Structure formats: structure tokens, C-alpha cells
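>>> build me a model:
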Amino acid sequence: MLLNRAVAIGMSEGPRRGLALIDELAALDRYHLLHAARADLLRRLGCAPAAAEAYRQALALTANAIERAYLERRLAAL
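Reported below is the predicted structural model:
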């Protein structure tokens, strides 16, 4: 629920605000969607190297083929 809130705030108040909230969620560090959301906010901020690293972290944590394909496309688009 906190991750969803951080993403929603990132969409409504801007990526910097959402990223600040996501960075407070250290307990979710092994959750691929945390890194995927972080990557998207970093991409929106124009921080391609950091976004790429976050996409790689998300990829390392998911085995779902559909999610992997999506994350790989996002990473390649950087």
C-alpha cells in the first residue's frame, strides 16, 4: 500500500516527490515492483543511468516472463 501511495504521489505531485517516498521503503528492497517504480520515476526525471540500474534490479528480482519482457523493453528504451 505504501508503494502504491508513493507512485500515486509521484504521478500527481511529480517524480521527485514520489521518488523520495519510494526511497523510504527499504523494507521492500527485495520486491521487484519497488525497483520498477523507482526506475520509472528516475526515467521521468531524466536520470537514465540510475533508471537503468533500477530496471536491472527489478529484472533480477522477477521471474514473471511478461514482467521481464516489459522491464527489458523499458531498459532498452533508455
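
>>> nearest spatial neighbour of Ala6, chain-adjacent residues omitted?
In this structure, Ala6 finds its nearest non-sequential neighbour in Leu21, 3.6 Å apart by CB to CB, 6 or more residues apart in numbering. To be clear about C-beta, it is placed using only N, CA and C from the backbone, and glycine gets the same treatment.

>>> now for that neighbour, how many residues are close by?
Residues lying near Leu21 (other CB atoms under 10 Å) number 19.

>>> go on, Ala39?
Using other CB under 10 Å, Ala39 has 25 other residues around it.

>>> grab the nearest non-local neighbour of it.
Per CB to CB, 6+ apart, closest to Ala39 is Ala54, 3.5 Å.

>>> give me the element the one you found is part of.
Using DSSP states H and E, Ala54 falls within helix 48-61.

>>> what does that helix contact?
Residues outside helix 48-61 that contact it (CB atoms under 8 Å, 6 or more residues apart in numbering): 30-36, 38-40, 42-43, 68, 71-72, 74-75, 78.

>>> next, the buried residues of stretch 38-52.
By 16 or more other CB atoms under 10 Å, the buried positions in stretch 38-52 come out as 38-45, 47, 50-52.

>>> next one: that stretch to chain centre, how far?
Stretch 38-52 sits 8 Å away from the centroid of its parent chain (CA atoms, centre = their mean, to the nearest Å).

>>> quick one: mean pLDDT over it.
Across stretch 38-52, pLDDT averages out at 97.
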